[in-house]
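1. The sequence and its predicted three-dimensional model are supplied below.
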Amino acid sequence: MAIRFDGRVAIVTGAGNGLGKAHALGLASRGAKVVVNDFGGARDGTGGSLSPAEAVVEEIRKAGGTAMADGADVSNFEQVTAMVERASREWGSVDLLCANAGILRDKSFGKMEAADFQKVLDVHLVGTFYCCKAAWAGMRDRNYGRIVLTTSSSGLYGNFGQANYGAAKSGMVGLMNVLAEDGRKNDIRVNIISPTAATRMTEELLPPQALQLMKPNAITPAVEFMLSEDAPTRTIMGAGAGSFALIKILESEGINLPESEWTPDAVAAHFAEISDMSKAKALTGAFEQTQKYVAQAAARAGIKL
């Protein structure tokens, strides 16, 4: 059965260009009413215009869909709250949220100004929190919500000159992990996409032949799946150029050392065993790590728990 969003209301942030535009068009084509949010600024977050969002809305309407433009700055909680209230007033609810808005202020760490670090966190991480927070109460009251956040390989794996961007994107994985747990009892499913595509954020980093393979609409199917009725929750999915992958954070089985060996020298001596990933697994929650370590210590001490 085809995935559809008839009767659902979606907000897509940063939807005036690139990935957000592709997501907004895709959701609208499958029946969703879409709030096309875009502050309309430059890649570094300066300036502002509603024109990009309005152009996407016009494209959706010409194709027979329903959409409205909104110029809220995601780093401004009052504006984000007003956007959610407007959509709820107009269409009755906000069921789907794709937090995609972002900016870049790349510099090597030695040259990065504190203001540039803060601004990127404000847009990506704090702005994502604001969007989720503004939509959360309504989703909880209706016992239904689907949220997709946007991380990056720069945060998951590292990339030169992007300490601000990488920190924000990695932080969003932590936010997703917790929101997925908080939302379970109200059927609010929260996932995160790690996309790579040809957008104004990547156009200077890749050769033309690579950019031709990396169409923004190649990411949208993963986002739509994670916003669907039967979506998973607490999932990190990578996507780009038609490739899709599941990303996991794994922890090795590790070892337990006797108190006599609680020294850096012992850790160094046993580091090969500690870092053996042959029995590594993804933990399902923070307390599972605590339980694992306590169980290992109890086994060493001969204590039954």
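-> That came through fine. Numbers count the residues shown, from 1 in each chain.
2. who touches L179 in this structure?
-> Contacts for L179 (Cβ atoms under 8 Å, 6 or more residues apart in numbering) come out as C132, I147, I188, V190. No exception for glycine: its C-beta is placed from N, CA and C like everyone else's.
3. looking at it, the second one is touching N191, isn't it?
-> Yes: with contact defined as Cβ atoms under 8 Å, I147 reaches N191; the gap is 7.4 Å.
4. returning to that earlier point: could you dump the contacts of L179 to JSON lines with neighbour count and distance to G240?
-> Compiled in JSON lines, those are given as follows (neighbours: other Cβ atoms under 10 Å; distance: Cβ to Cβ, whole Å):
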{"residue": "C132", "neighbour count": "23", "distance to G240": "24"}
{"residue": "I147", "neighbour count": "29", "distance to G240": "21"}
{"residue": "I188", "neighbour count": "23", "distance to G240": "27"}
{"residue": "V190", "neighbour count": "27", "distance to G240": "22"}
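5. Tell me which two of those residues sit farthest apart.
-> Largest separation among the contacts of L179 by Cβ to Cβ: C132 and I188, giving 9.4 Å.
6. what touches both of these two?
-> With contacts taken as Cβ under 8 Å, 6+ apart, C132 and I188 have I147, L179 as neighbours in common.
7. Can you tell me what sits against stretch 286-305?
-> Residues outside stretch 286-305 that contact it (Cβ under 8 Å, 6+ apart): E251, G254, I255, N256, P258, L283.
8. Look up the closest residue to G145, ignoring the ones flanking it.
-> The spatially closest residue to G145, leaving aside those adjacent along the chain, is M139, at 2.9 Å (Cβ to Cβ, 6 or more residues apart in numbering).
9. who touches the one you found in this structure?
-> Contacts for M139 were tallied using Cβ under 8 Å, 6+ apart; they are V94, D95, G145, I147, G183, N186, I188.
10. same thing with A24?
-> Here A24 is in contact with A10, V12, A15, V34, V36, V56, I60, A67 (criterion: Cβ under 8 Å, 6+ apart).
11. Quick check: the gap between D230 and R146.
-> D230 sits 10 Å away from R146, taking Cβ to Cβ, to the nearest Å as the criterion.
12. How about I192?
-> Distance of I192 to R146, computed by Cβ to Cβ: 12 Å.
13. ok, back up a step: so which of the contacts of M139 is surrounded by the most neighbours?
-> When neighbours are taken as other Cβ atoms under 10 Å, the top entry among these is I147 (29 neighbours).
14. Name the residues linked to that residue by a beta bridge.
-> For I147, the beta-bridge partners under DSSP bridges are L97, V190.
15. Which parts of the stretch 51-200 of the chain are strands?
-> If DSSP state E, counting those that start in this stretch is used as the criterion, the strands of the stretch 51-200 of the chain fall at 66-70, 96-98, 145-150, 188-195.
16. What are the contacting residues of stretch 58-67?
-> Stretch 58-67 is touched from outside by A24, L25, A28, S29, K33, V34, V35, V36, V56, V57, with contacts defined as Cβ under 8 Å, 6+ apart.
17. Quick one: residues contacting the fifth one.
-> The neighbours of K33, taking Cβ under 8 Å, 6+ apart as the test, are R8, V9, A10, G65, T66, A67, W91.
18. So which of the residues you listed is surrounded by the most neighbours?
-> Busiest of those [other Cβ under 10 Å] is A10, holding 28 neighbours.
19. Is that residue bridged to anything, and to what?
-> Assigned bridge partners for A10, using DSSP bridges, are V34, L96.
20. Could you do M68 as well?
-> With beta bridges defined as DSSP bridges, M68 has these partners: V35.
21. would you turn the contacts of A24 into CSV with distance to S278?
-> Supplementary listing: the contacts of A24 in CSV, determined by distance: Cβ to Cβ, whole Å:
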residue, distance to S278
A10, 43
V12, 42
A15, 44
V34, 46
V36, 48
V56, 49
I60, 50
A67, 51
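22. Select only the buried ones of those in PyMOL?
-> Typed into PyMOL, the line below selects the buried ones among the contacts of A24, using 16 or more other Cβ atoms under 10 Å:
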select buried, resi 10+12+15+34+36+56+60+67
